[in-house]
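>>> Would you be able to build a 3D model of this:
(one chain, ligands or ions: 2)
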Amino acid sequence: MRVLITGGAGYIGSHTVLHVLGAGHDVEVVDDLRNSTASIMPRLEDLSGRSIPLHVLDLCDRDATDRLITEGNFDAVIHFAGLKAVGESVAQPLDYYDNNLNSTISLLRAMGRHGVRHLVFSSSATVYGDTALPPFQEKLPTSATNPYGWTKVMIEQILRDVAVADPSWRIALLRYFNPVGAHESGQIGEDPQGTPNNLMPYLAQVAVGRRERLAVYGNDYPTVDGTGMRDYIHVMDLAAGHVAALQALGRLEESVHTWNLGTGKPTSVLQMVAAFSRAVGRDLPYEVVARRPGDIAESYADPHLANVELNWRARRSVDEMCADTWRWQSLNPDGYPDA
Ligand code: NAD
Ligand code: UFG
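Ligands and ions are numbered 1, 2, ... in the order given. Next comes the predicted model:
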């Protein structure tokens, strides 16, 4: 297959580029580099031994997106591009609705016009909102607690509507739990700009000396040790899930499928601190502070559907997630060169 990967210079997209190439497909990347850097591309080419065209454009630009799809002769698209910071989405909701919805609509119009109807979309466990209790199953109703989450709920609905209007579409809605870790080479990984919002990159920056200590957001949740529990999934397992979904789209009868990509096993913040400390070889400093507004106590997947229908399973342990994150962070203490 010839596969277009939108947002392929970003964290999850870049790891997926390697997996899709490894499965024998051709890949092109489109990214406007608003949250990534072109300096990742030579690393991806070195790791894969393949040449990977990068198209630098904003997918909200309908003419440029149409030209890209016309000229690319793609069989399928994996759509990662979008803004993803929960707190920023609360402060700047219009930026989130504008970018995430318009880039997707522009892409879908171009795909529809040129007969490219296989799409894998990056959704999120955030669509389970804060009402149901885990393990989350795909059939639960969706909702959100912030504008970022609503963009995922809305895009899922747009995609279902598009497939009703034209059932020849084949669409995978992949709901990721908490992606962490890095490629085992240590050459690519997560490189957030500014202060990290998420646990794992924050811990990695504490370990490498860029931050003093981790703030643990609350230890009075009804969990094993009082801290929040999440379903952390190694980004390379997540990447493999995209290849499995891409291949499944060719053989499945129904137009739209929704799959959770998670391990099904939750880990607490303090368990993660302990695991990361093991990877680094010394105790990492932390202090318990107040809960972060909007956080839920516990989130984890029921991954059964993806295990059975995609013949896919997350295999890597929390210790591997920490070891690989640490290799990436210690080899690249300041992230990518010109990020
Ligand atoms: P990322 O920011 O590293 O990657 C997204 C990429 O999209 C960036 O390289 C950015 O420059 C690009 N982009 C954004 N808007 C664009 C536009 N209009 N045109 C072209 N390129 C554009 O984020 P990530 O962590 O790799 O996440 C990828 C996808 O997975 C996102 O849709 C995100 O919402 C979703 N997701 C991420 C997580 C997570 O914890 N990382 C969890 C659930 C879902
Ligand atoms: N945490 C801390 N200190 C920190 C950062 C996080 O204690 O500095 C705690 C949180 O309170 C939570 C856990 O670590 O208990 C995980 O927090 P993250 O911010 O790493 O992840 P979230 O589960 O809050 O959010 C992530 C993505 C969202 C996505 C959501 C559901 O960042 O985009 O998973 O998929 F919506």
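
>>> first vs last residue of stretch 55-75, how far apart are they?
Across its full length, stretch 55-75 reaches 17 Å between end residues, using Cα to Cα, to the nearest Å.

>>> Could I get the average pLDDT for that stretch?
For stretch 55-75, the mean pLDDT works out to 98.

>>> Can you pull the residues of the stretch 201-339 of the chain lying near ligand 2?
Residues of the stretch 201-339 of the chain found near ligand 2 (Cβ under 6 Å from any ligand atom) are 202, 214, 215, 216, 217, 228, 230, 269, 292, 295, 299. (Glycine included, C-beta is placed from N, CA and C.)

>>> Looking at these, which is nearest residue 258?
The closest of these to residue 258 turns out to be residue 299 (Cβ to Cβ; 16.6 Å).

>>> Could you turn the buried ones of the residues of the stretch 201-339 of the chain next to ligand 2 into a ChimeraX selection?
The following ChimeraX line selects those of those that are buried, judged by 16 or more other Cβ atoms under 10 Å:
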select :202,214,216,217,228,230,269,299
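
>>> I'd like to know which of the residues of the stretch 201-339 of the chain next to ligand 2 are part of helices.
If you go by DSSP state H, these have 202, 269 in helices.

>>> what does stretch 63-78 rub up against?
The contact list for stretch 63-78, computed with Cβ atoms under 8 Å, 6 or more residues apart in numbering, reads 1-6, 8, 13, 16, 20, 28, 30, 55, 57-59, 106-107, 109-111, 113-114, 116, 118-120, 122, 242, 246, 249.

>>> So among these, which ones count as buried?
Judged by 16+ other Cβ under 10 Å, buried ones among these: 3-6, 8, 13, 16, 20, 28, 30, 55, 57-59, 106-107, 110-111, 114, 116, 118-120, 122, 242, 246, 249.

>>> picking that back up, give me the subset of the contacts of stretch 63-78 lying in helices.
Going by DSSP H, the helices hold 13, 16, 20, 106, 107, 109, 110, 111, 113, 242, 246, 249 from the contacts of stretch 63-78.

>>> now the residues you listed as CSV including distance to ligand 1?
Listed next are the ones in helices among the contacts of stretch 63-78 as CSV, based on distance: Cβ to the nearest ligand atom, whole Å:
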residue, distance to ligand 1
13, 5
16, 9
20, 14
106, 9
107, 9
109, 14
110, 13
111, 15
113, 18
242, 10
246, 16
249, 18
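
>>> Show me the two of those residues that sit farthest apart.
Across the ones in helices among the contacts of stretch 63-78 (Cβ to Cβ), the longest gap, 25.1 Å, separates 16 and 113.

>>> lowest-confidence helix or strand of the chain?
helix 86-91 (a mean of 95; mean pLDDT, DSSP states H and E).
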